[in-house]
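K.L.:
sequence below, structure please.
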Amino acid sequence: MDETVNAQQSRPGRLRIGVVGAGRVGAVLAAALKRAGHTITRVSGASPASRERIEVMVPEAHITDPDKVGEGADVVLLTVPDDVLPAVVDGFARLGVFQPGQIVIHTAGRYGVEVLSPATHSGAIAMAIHPAMTFSGTSVDLGRIEGAPFAITTTPTMVPIAQALVVEMGGEPITLNEDARQVYHAAMAHGANHLVTLVSQACRILDQVGVDDSAKLFSPLMYAALEGALASGDLALTGPIRRGDAGTVAAHVEALTTHNPDILPTYRELARATASRAAHLDMITPQAALEVLDALEGHASEGPGTGTRVVTTVAELKECLTTRRRGVVMTMGALHEGHLELVRHAKRHAEEVVVTIFVNPLQFGEDEDLDTYPRTFESDIDHLTDLGVDVVFAPDVEEMYPQQRVGVQAGEMGLVLEGAARPGHFDGMLTVVHKLLGITQADVAFFGQKDAQQLALVKAMVHDLNMGVDIRAVPIVRDADGLALSSRNAYLSATQRRQALVIPRTIEAAVRVAADGASPQETLAYARREFHTGGEGVDLDYLVLVDPDTMQPHDGDRAKPGLLAIAAVVGNTRLIDNAVLEWQDPASRLDPVTMEE
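P.N.:
Numbering: from 1, shown residues only. Just a heads-up that it's a prediction; the model follows:
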């Protein structure tokens, strides 16, 4: 391989190149390589249009059958459609077209070099070089290539040769990893091809109401929007959604319903995405985003929360769900600011928000507080209405478990920490979460970081069972005194609450010393000293440092984050808290000149 690379590098500008597929891309790239001093030996082109391009762009090339193009060539350039590329490569390999040391290049944006593995098995060298531009198949493209980006994927030793070929053609090489090719091509197609669809639709709207030369009318606005988006991303957003003008959006929907019903679905989907993104970036308030989304459905919002529906059966829930991106927050009621923060996150990241209220008996043990668990349903609904939640699903036990024959088991991760203290708790939790994700058909679900073991188990279940739901963690919400919010805080007397503050003090101390450069072991030891110094009246169950994904003991590696988790009982109330810690390298705290702290 090294000898081949050295041989190719020793003769720049003298490569013999065969081209399979003289379409718009192949003919232009062949001409660009010819212009750089390379020799185009053989070209395949079956259609009259392809043969005409060959005669115009590379007239000296010999037109032949595709399987003959590689004969005597240093480079075989495959410029065939993406969908047929694998079959072409496989067929050529079986026919013995590829030769040891020969460079085989394809120009498909979708694939990296893995698709060329049949060629590399024959001893060839694989490169994927995708020009990120559109082609007309004429000499005009030779000027447009200048400075155009070309995405390169190949082995590290061949990157310089791929870069040199791109530079010789006049392009700008950009190296791309194999595993990024699919998403790269999706992004390019979404941004370029769908932009054409969008602009064409906008012009059609004006054409159909008699506006002359709609393209000329749009040009300044379109160019300014494109330049702004490329330079500033989302910050370039302007218009009614950026201002939260739901009435204007409603007027658009009415006009398109009358004049362009075929374009209305595209307008709605893009407007939903725009409103969701604007709310996520705090350009508009969640309430303004909700009003825009209501307007897109063909009716104006009637103000905060007036559209909230409360349903108690699965059938009722199914009737009122829409096709919008759905976020779900699962609660057992007795809502506090921590729950409401979950809802606010859901409003920012989803177009439709469902909150469930269900006190799940499966996750309570025999001696736990199922019967006395606080229930504040009316005030809960008031809070959710004020936040503009779309649907509240509040089933009873019979609705949720008419015939409970199958459940979910938490496995080994559910047997430690909280699982050890509350046997069966996590089996019941996962069972109800699995059911609610299925019932609500959630796209994204929000869980609090305070219940870190629950969060890890839900993520594991969704991953292991291929459920396709995005699970988002929301940071812990604390009271002014530092205590993590919990429905069970209501059980604490004034004295017990003061005693319980040793828990957040312990967490805060661990965060501080980890940031100051303490090792994982030192951080845990310091946290334990902090707790035992001020933990009078508080019975510690555990204070541990674990892997946040597995709940297994942290191995002390500074490169890995750790979860400091604590559980303690104050009076008869069990409280938990945690923090995810990352470790500072002690060297980062040294003065760069003296190398001293």
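K.L.:
buried residues, the helix or strand hosting residue 129. List them.
P.N.:
Applying DSSP states H and E as the criterion places residue 129 in strand 125-131. Neighbour counts using 16 or more other CB atoms under 10 Å place 125-131 of strand 125-131 among the buried residues. For glycine as for every other residue, the C-beta is placed from the backbone atoms N, C-alpha and C.
K.L.:
redo those as TSV? Include pLDDT.
P.N.:
As requested, these are exported to TSV (pLDDT from 0 to 100):
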residue	pLDDT
125	97
126	97
127	97
128	97
129	97
130	95
131	95
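K.L.:
residue 93: which of these is nearest?
P.N.:
Ranked by distance to residue 93 (CB to CB), the buried residues of strand 125-131 are led by residue 126 at 11.6 Å.
K.L.:
now the stretch 1-150 of the chain, which segments are flagged as low pLDDT?
P.N.:
1-13 (pLDDT under 70).
K.L.:
let's see 90
P.N.:
Low-confidence segments of the stretch 1-150 of the chain, defined by pLDDT under 90: 1-14, 21-24, 45-58, 60-62, 81-83, 134-139.
K.L.:
residue boundaries of the helices in it?
P.N.:
2-9, 24-35, 48-57, 85-95, 117-120, 140-145 (DSSP state H, counting those that start in this stretch).
K.L.:
run through who's touching the shortest one.
P.N.:
Going back to what we said before, that points to helix 117-120. Applying CB atoms under 8 Å, 6 or more residues apart in numbering, the contact partners of helix 117-120 are 89-90, 92-94, 98, 104, 113, 126.
K.L.:
one step back: from the buried residues of strand 125-131, which two are the most distant?
P.N.:
Largest pairwise distance in these, by CB to CB, is 19.7 Å, between 125 and 131.
K.L.:
for residue 157, give its distance to residue 128.
P.N.:
From residue 157 across to residue 128, the span is 15 Å (CB to CB, to the nearest Å).
K.L.:
just checking, residue 173 touches residue 154?
P.N.:
No. Residue 173 lies out of contact with residue 154 (CB atoms under 8 Å); the separation is 10.6 Å.
K.L.:
of the two, who's got more company?
P.N.:
Under the criterion of other CB atoms under 10 Å, the comparison of residue 173 against residue 154 puts residue 154 first, with 24 against 19.
K.L.:
circling back: anything in contact with each of residue 173 and residue 154?
P.N.:
In contact with both residue 173 and residue 154: residue 162, using CB under 8 Å, 6+ apart.
K.L.:
list the buried ones in stretch 362-375?
P.N.:
Those would be 362-364, for stretch 362-375 by 16+ other CB under 10 Å.
K.L.:
that stretch: end-to-end distance?
P.N.:
17 Å (CA to CA, to the nearest Å).
K.L.:
residues in contact with that stretch?
P.N.:
Contacts for stretch 362-375 (CB under 8 Å, 6+ apart): 332-334, 359, 361, 401, 404, 407, 422-429, 431-432, 487-488, 490.
K.L.:
swap the cut-off to 10 Å and go again
P.N.:
332-336, 357, 359-361, 397, 400-401, 404, 407-408, 421-433, 454, 487-488, 490-491, 572-574 (CB atoms under 10 Å, 6 or more residues apart in numbering).
K.L.:
quick one, what contacts the spatially closest residue to residue 475 that is not a sequence neighbour?
P.N.:
Once flanking residues are discounted, residue 475 sits nearest to residue 449: 5.5 Å by CB to CB, 6 or more residues apart in numbering. Taking CB under 10 Å, 6+ apart as the criterion, residue 449 is in contact with 338, 455, 473-477, 484, 548, 563, 578-580.
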